[in-house]
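In: predicted model and sequence follow; I will ask about them next.
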Amino acid sequence: MRIARLLWRNAFRHRLRTFLTVLGITIAILAFGMLRTVIGAWYAGVDASSASRLVTRNAISLIFPLPISYKDRIRQIEGVKTVSYGNWFGGIYIDEKNFFANFAVDISSYLRLYPEFILSPDQLDAVERDRKGCVAGRKLAERFGWKIGDSIVLKGTIYPGEWEFVLRGIYHGRDKTVDESQMFFHWDYLNETVKKLVPRRADQAGFYMIGVRNPAQAAEIAATIDASFRNSLAETMTETEKAFALGFISMTEAIVIAIRLVSYVVIIIIMAVVANTMAMTARERIGEYAVFKTLGFGGFHIAGLIFGESLLISMTGCVLGAALTYPAAAVFADALSQYFPIFNVEPRTILLDIGAALLVGVVAAVFPAWRAVRIRIAEGLRHLG
Amino acid sequence: MADAREPIVSIRNLFKSYRRGSQIIPVLEDITFDIAEGDFLALMGPSGSGKSTLLNLLAGIDKADSGSIRVGGVEITTLDETELARWRAINVGFIFQFYNLIPVLTAFENVELPLLLTRLSKKERRTHAETALRVVGLADRMDHYPAQLSGGQQQRVAIARAVVTDPAILVADEPTGDLDRQSAAEILNLMERLNRESGKTIIMVTHDPRAAEKAHSIRHLDKGVLTDADR
């Protein structure tokens, strides 16, 4: 207990120096936590994916559609439980900066595949009965102040024209990993309109979402689906939802790697700062450590004092930095919700914060402790007076 | 005349040198002498004569090149660092010229510090530390930090810290060197009392003839060589 008190008093002996060091660690841990949260947000779609869902798309590229007739053939494949389908609509609400994901889907089957999207039965009934009905996520509705019954007009980019919808349902996520910033409307509404305007683009789906009975058979079912359409005009590529999401991320992998590297660099920089502080501290106290040794304290005790002080400083910064990560992430998520619909500080990020702070505390103390333990008492005592 | 008492410190053919670059500088040469149990010895000599080095060697905080140092029957030159640290904690109390108190600890906490290495309970540590501070007349200053105490008071706290584990030997390196005349006299009286009443063997390095007057015996060192005892 006395040693703990000594550690505490030693750590705050030079208050300004300690304050600035703790501030540096706090900012570094905050930056590290935010960068890790950004990486986590990048992978949010992967984390939210289900092992029981497959995605089938055109084997050439996602931008090429598949005939809607594939739906019935896929449904007949052994192990397939549910088949839904849809198209990326890419509509703009008022202005391009109001970006959000919007899809034309077969709403009933789609929501059966996504039980994590919670929609009340009466709202589901209302949207199913209204051809122009749409469903929006809670965050999206809050962002634009939409209420049930509101009319929403999107400007088509892939499908030109003004598209009018009526908000019939607002879903919320089963947990905080669910994206609540998407909008879904009836694929039939899109298809019927396209059929009138551009008949050659009608009766085509951008992707199929497939629910399987047994996730363990997912790979086998995917292979069977693709085999069914081999040598056809539109060959398919079927993969798990997770692989599909990872495929998207791989396109931006360089950015993720860069962010990850920057997060490590932040930790290395603060490690150098804390090591400098501890080196100064230990150098100033060489005489005191010699006194401790004179009194019978061993190298283990001296090293313990230095490591303890370093860890106390780094962990104080870690606690403050980790605590600040939550409000900072909330502000960040609010400001950039269109880019990062899921921006949650994960427990893993806090564990990484703690791990980084422990690493900083230990590494920063290694050299000063080594020096203090090795110094001869008589030489150390000459530093006093 | 030879001292009839048993020697507590027995030094034989002690050599010590320092290396400065490629040059080897002899500091102590063939030192042989005994210190009787309960003695109050003053080591005197000009600066650089090796008296502080000799004090460090017999207190186990420095290593000799060759020779023997037996303290209380233990040959301390054969002990490794860990054993020496343990030995010092039990057998030797240190009093330094500049007190060397830990500035972030109160007088009580400074005195209690050596007791943290013992198996004493918190209550026992408190009793011992309070007793030691009472012996040096600072029972009413135990919650003061070193910076809140005068030089003389700080040195008394240092003496309390030196005696709190009840070691057989006290080593003092210029204990009055940083004090005014009155404080120095108080410290010397306190050391004399510890020697007389508690039977502590005191080995003191000093330049000050007034300090040396308090000692029972004086040994002079000159250029690393021990000269005859004055008394």
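Out: Right, received. Where do you want to start?
In: what lies in contact with the strand or helix carrying A:Leu154?
Out: Element membership of A:Leu154, judged by DSSP states H and E, is strand A:151-156. Contacts of strand A:151-156 from elsewhere in the structure, counted by Cβ atoms under 8 Å, 6 or more residues apart in numbering or on different chains, are A:89-93, A:102, A:134, A:136, A:146, A:161-167, A:183. Backbone N, C-alpha and C define where each C-beta goes, glycine included.
In: one more time with 10 Å
Out: Strand A:151-156 is contacted by residues A:89-96, A:98, A:100, A:102, A:132, A:134, A:136, A:141, A:144, A:146, A:161-167, A:183, A:185, A:190, A:193-194 when judged by Cβ atoms under 10 Å, 6 or more residues apart in numbering or on different chains.
In: now, which of those lie within helices?
Out: A:141, A:144, A:190, A:193-194 (DSSP state H).
In: just those now: which is nearest B:Val163?
Out: Comparing the ones in helices among the contacts of strand A:151-156 against B:Val163 with Cβ to Cβ places A:Ala141 closest, at 78.1 Å.
In: who's in contact with the closest one?
Out: Per Cβ under 10 Å, 6+ apart, neighbours of A:Ala141: A:135, A:147-148, A:150, A:152, A:167, A:169-172, A:180-181, A:183.
In: swap the cut-off to 6 Å and go again
Out: With contact taken as Cβ atoms under 6 Å, 6 or more residues apart in numbering or on different chains, A:Ala141 is in contact with A:Ile170.
In: distance of the residue nearest to the spatial centre of chain B from B:Val71?
Out: What sits nearest the mean C-alpha location of chain B, by Cα atoms, centre = their mean, is B:Val171, with 1.1 Å. Counting by Cβ to Cβ, to the nearest Å, the separation of B:Val171 from B:Val71 is 11 Å.
In: then B:Arg86?
Out: To B:Val71, B:Arg86 is 13 Å away according to Cβ to Cβ.
In: same question for A:Ala290.
Out: Taken as Cβ to Cβ, the span from A:Ala290 to B:Val71 is 20 Å.
In: try A:Leu312
Out: For A:Leu312, the distance to B:Val71 - Cβ to Cβ - is 38 Å.
In: likewise for A:Asp122?
Out: 93 Å.
In: and these two? which has more neighbours close in?
Out: Neighbours were counted for A:Asp122 and for B:Val71 using other Cβ atoms under 10 Å in any protein chain shown; B:Val71 has more, 22 against 10.
In: run through the bridge partners of that one.
Out: Note on B:Val71: beta-bridge partners by DSSP bridges are B:Val9, B:Val74.
In: pretty sure it is touching B:Val9, no?
Out: Yes. B:Val71 is in contact with B:Val9 according to Cβ atoms under 6 Å; the separation is 5.2 Å.
In: list the buried residues in stretch A:13-24.
Out: Judged by neighbour count (16 or more other Cβ atoms under 10 Å in any protein chain shown), stretch A:13-24 contains these buried residues: A:18, A:21-22, A:24.
In: try stretch B:98-107
Out: By neighbour count on 16+ other Cβ under 10 Å, the buried set for stretch B:98-107 is B:98-102, B:104-107.
In: show me what from chain B comes close to chain A.
Out: Contact residues, chain B versus chain A (Cβ under 6 Å from any Cβ of the partner chain): B:56, B:61-62, B:82, B:85, B:88-89, B:94, B:98, B:100, B:104, B:114, B:116-117.
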